[in-house]
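S.K.: Pasting the sequence and the predicted coordinates here, then a few questions.
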Amino acid sequence: MSTAFGRSVSVEDGRLIGIVTVSDIARHGGPSAEATVDDIMTRDPITVIPTMPVSVALARMAALGFGRLPVVDERD
């Protein structure tokens, strides 16, 4: 798992499988020694690809109310 821009992403075999946020943790009752990231993460997060026009990425973020989106390889 790596951290960037205040979010943690979950990667399996080099592919993005989920993202965990402070909101995810809070929604599941706060920090827990029993819960795993797999239990609470948002699976298959909305992403962008490197070749997507910035205007399209910005429109997607605005429509969803997001300030950032993970960038993934087009083959994923």
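M.R.: Received it, and whenever you're ready, just let me know what you need. Numbering: from 1, shown residues only.

S.K.: what's the distance between His28 and Met61?
M.R.: His28 is 25 Å from Met61, where distance means Cβ to Cβ, to the nearest Å. In short, each C-beta sits where N, CA and C put it, glycine included.

S.K.: ok, now Glu34?
M.R.: 34 Å.

S.K.: more neighbours, those two?
M.R.: The neighbour count for Glu34 versus Met61, taken as other Cβ atoms under 10 Å, is higher for Met61 (15 against 5).

S.K.: Can you tell me who the closest residue to Val37 other than its chain neighbours pairs with across the strands?
M.R.: Leaving aside its sequence neighbours, Val37 sits nearest to Val20 (Cβ to Cβ, 6 or more residues apart in numbering; 5.2 Å). Taking DSSP bridges, one obtains Ser8 as the residues bridged to Val20.

S.K.: I am assuming Val20 contacts Asp38, so please confirm or correct that.
M.R.: No. Between Val20 and Asp38 there is no contact under Cβ atoms under 8 Å: 9.3 Å.

S.K.: Having no further points to raise, I will conclude here.
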